[in-house]
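Chemist: Give me a 3D structure for the following:
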Amino acid sequence: MGNKKIYSCITKATKNENGNPKYSANWIVARRGVFSVFEDCIECGNWKILFSEIKIAKLYKTKQMFVPVNVLELQTEKETFQFGFNPWANPFKYLKINYEIENVKLKMSKFSLIIRIVLFFSLILMFILKYFQK
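Modeler: Here you go, the predicted structure:
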């Protein structure tokens with residue numbers, strides 16, 4: 001028969017990040033879809049990554065606030081993909097590639113930091129205007 005699906009789960013994925021995962025604008029607009037593991041490849045939407053094309057694979061274990069999450073990074077000759085998984089998703093044991101595991105702390109990009117500062121000061125300004133302008 002053809003290429004048999006071995007495992008699938010929901011993921012959030014981007015081709016615009018590499019290295020340690022971080023809060024960034026790329027993850028805001030990241031692809032949401034089904035991550036499917038087949039006998040010879042991984043598919044997510046119209047992305048098809050053959051196991052034979054993967055040069056480097058890393059599994060980053062981290063926490064988003066207090067929730068454990070996993071981010072799988074796959075590098076081919078031309079592109080780098082990152083896939084974010086909820087704690088109950090476990091496609092890793094079905095991957096027919098070797099991957100390095102790193103425990104990392106989720107960092108913030110400059111964009112993410114600026115957005116948080118703007119939101120913080122907006123809340124303070126709203127509080128001041130509401131309670132001290134009477």
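Chemist: Tell me which residues touch the residue positioned nearest the centre of the chain, please.
Modeler: The centroid of the chain falls nearest to Gly84 when counting by Cα atoms, centre = their mean (3.1 Å). Counting by Cβ atoms under 8 Å, 6 or more residues apart in numbering, Gly84 touches 11-13, 21, 27, 30, 69-71. The C-beta positions use only the backbone N, C-alpha and C, and glycine is treated the same way.
Chemist: how about 7 Å then?
Modeler: By Cβ atoms under 7 Å, 6 or more residues apart in numbering, the contact set of Gly84 is 11-12, 69, 71.
Chemist: and the closest residue to Ser8 other than its chain neighbours, how many neighbours?
Modeler: Residue nearest to Ser8 in three dimensions, not counting chain neighbours: Ser36, with 4.3 Å by Cβ to Cβ, 6 or more residues apart in numbering. Look at Ser36: counted by other Cβ atoms under 10 Å, it has 19 neighbours.
Chemist: so Ser36, which of the three states?
Modeler: strand (DSSP: H, G, I helix; E, B strand; the rest coil).
Chemist: hmm, back to that, model confidence for the residue nearest to the centre of the chain, exactly?
Modeler: Gly84 carries a pLDDT score of 93 in this model.
Chemist: Next SSE downstream of the helix or strand containing it?
Modeler: Following DSSP states H and E, the helix or strand that holds Gly84 is strand 80-85. Counting by DSSP H and E, the next helix or strand C-terminal to strand 80-85 is strand 100-103.
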